[in-house]
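**Q** Dropping the sequence and predicted coords here.
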Amino acid sequence: MSIAATQKRGFGAVLWDYLTTVDHKKIGILYLIGGGFFFLLGGLEALFIRIQLLVPENDFISAGLYNEMFTMHGTTMIFLAVMPLLLGLMNYIMPLQIGARDVAFPFLNSLGFWLFLFGGLLLNCSWFLGGAPDAGWTAYTPLSLQSPGHGIDFYVMGLQLSGAGTLIGGINFLVTIVTMRAPGMTYMRMPLFTWTTFVTSVLILFAFPALTVNLFLLMFDRMFGSAFFDVALGGNTVIWQHLFWIFGHPEVYILILPAFGVFSEVFPTFSKKRLFGYTAMVFATILIAFLGFMVWAHHMFTVGLGPVANSIFAIATMAIAVPTGIKIFNWLATMWGGSITINSSMLWALAFIPTFTIGGMTGVMLASAVADYQYHDTYFVVAHFHYVMVGGTVFGIFAALHYWWPKMFGRILHEGMGKFTFWTFFIGFHLTFFIQHFLGLMGMPRRYWVFLEDQGLDTGNLVSSIGAFLMAIAVIVFLINIIYTAAKGTKAPADPWDGRALEWAISSPPPYYNFKQTPLVRGLDPLWIEKMEGKGKVTPAEPVDDIHMPNSSFVPFIMTFGFFVASFGFIYQVDHSAWLIAVYVGMGIALGAMAYRSLKDDHGHHVTKEELEREAD
Amino acid sequence: MKDWMGKSKAIFLLGSLALILAGCGQENLSALIPKGYGAETSMDLIILSTIIMTFVFIVVILVFVIVLSRFRKKKGQENYIPKQVEGSKTLETVWTVIPIVLVIILAVPTVTATFDLADETGSEDGLNIEVTGNQYWWHFNYEGQEIQTSQDMYIPVGEKVHLNMMASDVIHSFWVPALSGKMDANPENENSMYIEAHEEGVYWGKCAELCGPSHSLMDFKVIAVSPEEFDQWVEDMQNVDPEAEPEDAVAQDGKAAFEENSCMGCHAIGSSPAQVGPNLTSFGDRSKIAGILEPTKENLVDWLMDPESIKPGNQMTGNYDITEEEANSIAEYLMQLQPSEITPESAGD
């Protein structure tokens, strides 16, 4: 493949390119498209929920369908929207920030994406095949065991597939960061986004196996007659909750840490100052991650673990406020004394500070076990986790998209529409969720299909639903912005924001081999250092030479397709053993693809020195 | 003029008071208007943590506003490069230590309260009620008293009542916000908590753990009455004769129809414990039908004819086949099951 291939090609060629790509940048974009698609789907489900709760005793959707709606809303947003969007950003940006030409395992990177996508599609197939999962995104046993139909089976298989994809992605990032940093890029010179990618990957590495195991246990219980969770046969239903939250609590840090990383890039850039307290920020990140593993049982204060366990987990949870507080104040100190530019990216970052502070504070309030006996499983909790997940992560994703869009697509998103999106979303968000704190304490448990009249819950729910529509409008305008920008947006230079990290040192969008010459890193904010010394270009660490690049491959797609087919077999073999054929065929395809991959030598290809020089400047 | 000012002030005051009260939710339902020991303990912590958190929030916002008003890029500053500050040990120590102190201030009362509410002393001599969560109703067994009820739980005001909880099918969570925080009812192990009401009243209870389609309709009541009334209620309940014939003909037909359709296979009247469905001993006294409907005969007939349309996924649907006429007489019979003079009205409802 030569560089000339970037000329205009037909739709089929582009599609084939994306189906077979192993380029981390293209895979990053695929993640953004996939995650964006599921984000819209999850948002639609959220709107259905809020329409149902617009007025008391509404009959817009039935009880069963409502349970499916919020189950799929939660599952979709966590696993299929927010996490993939973050993985997309990491995929695209992290290798650029460390001066690498790709991730350590490009083939696996592609495999990870397809597993996520097929897992998500499998999960959503349930809507058309007899009903979606309906036991909440947490799928607590025994409700999830008892749930009729195949909804929960789709949940198990879908999450298993996409979870495997995430695990592969996490390991890949870890190895990439450990082994592929440019010369001079010591750990303590890595940009914060790379740091959070690194720590997030460690979390993925340790948290996801717990989910995998848990899903297997549920799969065996539901599909093969085992009794891990069946109390009548000596099982234990609370085990599910422990395993789920041993995964599930780190998961919320998997979702928030990358957003912290984004803000740690955005604040310095638009304040023209280096990040205040870099070292403290790094250690705070690590500490948050560590504590994230120690506090899972705070989701279970009302399960009956007893006062000793409740006290320990309460205090451990409160402790997380300390490193998080350090971060908030360091961001403020980064801006202090700076020269602040407010554009749409910075607006999201600025709005994050008060919003996330509220979310973090309600987190500490929830940690107070006895107070939690009142908050637990109510709208207070719903409000809390939307404040951190939306006010933290989704704000972070929006900030990141506005910030890195020029780098990724070569065009700058429209500022006016960007600001409109921000203000509408911001107001809609607070309208929706602030009032839910009070709804919860006023006696509204979460996952309620209807609320009765004359319980003092009407006004709050109405306001909340109106806010949801504002957020929907904001997202629609954002989509229009994307289309407008693609058609008529301003072309972006290599470094539109006067950036500090390495990704701004190469053209927008970058060539497929990223850096013609691996850069030499001489300190934190390498590009900024060079700019301050008047060079404006990063010093190369090597002469121009042939670049070794991996070959594209269709094998990951085929392999994943095999697992996808086998999943249907696993789900339906309960009804009729003929479905076992699908298991064998699907696993055959997957194993065949693995064998092909193992037996075929693929040495990749080289971009020659001559080509690079022809391309030069 | 002055008078008018005074009036408008009064109206303003009353208005804002009403707003604040409305903001706290419905009395006897809201956790923000605590009327029991557990709820008050929780409320104290809620208030303490809110104060601490508001303080933190104000500090953050203060710095935030100063930063935004003072350090925006100004015209003519396009080429201005601010000083690149690495960090500050002193400042960072300050904002590490202060949160630690705040966390300790919150942690100590939290731990104290956690152990306080888990204290089981007195449960051996006191009133113990075995609570069972079912899809989608609650069963109450007054231990050692030979009393079985469902949906309405009577307790004496000002007394620690120990609740021992389990679930018969999936996990439920017992929550009476105005009296106490919640506790899960698990299928495999018994959880204990106690509640203590400080005032008489009918307190609204809810199931807080997702338990199926009708999760949001699994409401129940805790009725706190004076100790004398409670004793009276206990006595009345213990003297129920499940075989007693109703006085009027329609209700007699209803009783016959009730037995004929083997309603007794699932339900019970009196103190026999094992049931699939709610115990109906004091059905006529209940504050709601099926936890959510006003206790009228029409509503009961609707419920009997088509429970699925009212509580989707309930266990009663499809287990019997009765005519409208039978439903009518059964309703008449059930509404007459009023063994005690102590009713929700006694609690001032």
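**A** Received, thanks.
**Q** Have a look at the chain and report its longest helix.
**A** Here I'm looking at chain A. helix A:237-271 (DSSP state H).
**Q** could you do chain B instead?
**A** Max-length helix for chain B by DSSP H is helix B:37-70.
**Q** For that one, list every residue counted as buried.
**A** Applying a neighbour-count criterion of 16 or more other C-beta atoms under 10 Å in any protein chain shown, one finds B:37-39, B:41-43, B:45-46, B:48-49, B:52-53, B:56-57, B:60, B:63-64, B:67 buried in helix B:37-70. Using the backbone N, CA and C atoms, a C-beta is placed for each residue, glycine as well.
**Q** Please apply the same query to stretch B:147-159.
**A** Those would be B:147-157, B:159, for stretch B:147-159 by 16+ other C-beta under 10 Å.
**Q** again with stretch A:435-448
**A** Using 16+ other C-beta under 10 Å as the test for burial, stretch A:435-448 gives A:435-448.
**Q** export that stretch as CSV, just CAs?
**A** Extracted C-alpha coordinates of stretch A:435-448, given in CSV (Å, rounded to 0.1, in the frame of the first residue of the first chain):
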residue,chain,number,x,y,z
ILE,A,435,-33.9,17.7,41.1
GLN,A,436,-33.5,13.9,41.2
HIS,A,437,-31.4,14.2,44.4
PHE,A,438,-34.6,15.4,46.1
LEU,A,439,-36.9,13.0,44.4
GLY,A,440,-34.9,10.2,45.8
LEU,A,441,-35.0,11.5,49.4
MET,A,442,-38.7,12.2,48.9
GLY,A,443,-39.3,8.5,48.5
MET,A,444,-38.8,7.7,44.8
PRO,A,445,-36.8,4.5,44.4
ARG,A,446,-35.0,4.0,41.1
ARG,A,447,-36.2,1.7,38.3
TYR,A,448,-39.8,2.6,39.0
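**Q** so does that stretch get close to chain B?
**A** Yes - using C-beta under 8 Å from any C-beta of the partner chain, stretch A:435-448 reaches chain B at A:438, A:441-443, A:445, A:447-448.
**Q** Residue A:69 and residue B:49, how far apart?
**A** Separation of residue A:69 from residue B:49 (C-beta to C-beta, to the nearest Å): 32 Å.
**Q** quick one: residue A:210 from chain B, how far?
**A** Using C-beta to the nearest C-beta, to the nearest Å, residue A:210 is found at 20 Å from chain B.
**Q** Touching, that residue and residue A:249? I think so.
**A** No - Residue A:210 lies out of contact with residue A:249 (C-beta atoms under 8 Å); the separation is 10.1 Å.
**Q** in the chain, which segments are predicted with low confidence?
**A** Using chain A here. Along chain A, the model assigns pLDDT under 70 to residues A:1-8, A:616-617.
**Q** actually chain B
**A** Scanning chain B for pLDDT under 70 picks out B:1-23, B:274, B:349.
**Q** and the residue of chain A found nearest chain B, what does it touch?
**A** Going by C-beta to the nearest C-beta, chain B is nearest to residue A:373 of chain A, at 2.2 Å. For residue A:373, the contact set (C-beta atoms under 8 Å, 6 or more residues apart in numbering or on different chains) comprises A:301-302, B:38, B:42, B:117, B:180-183.
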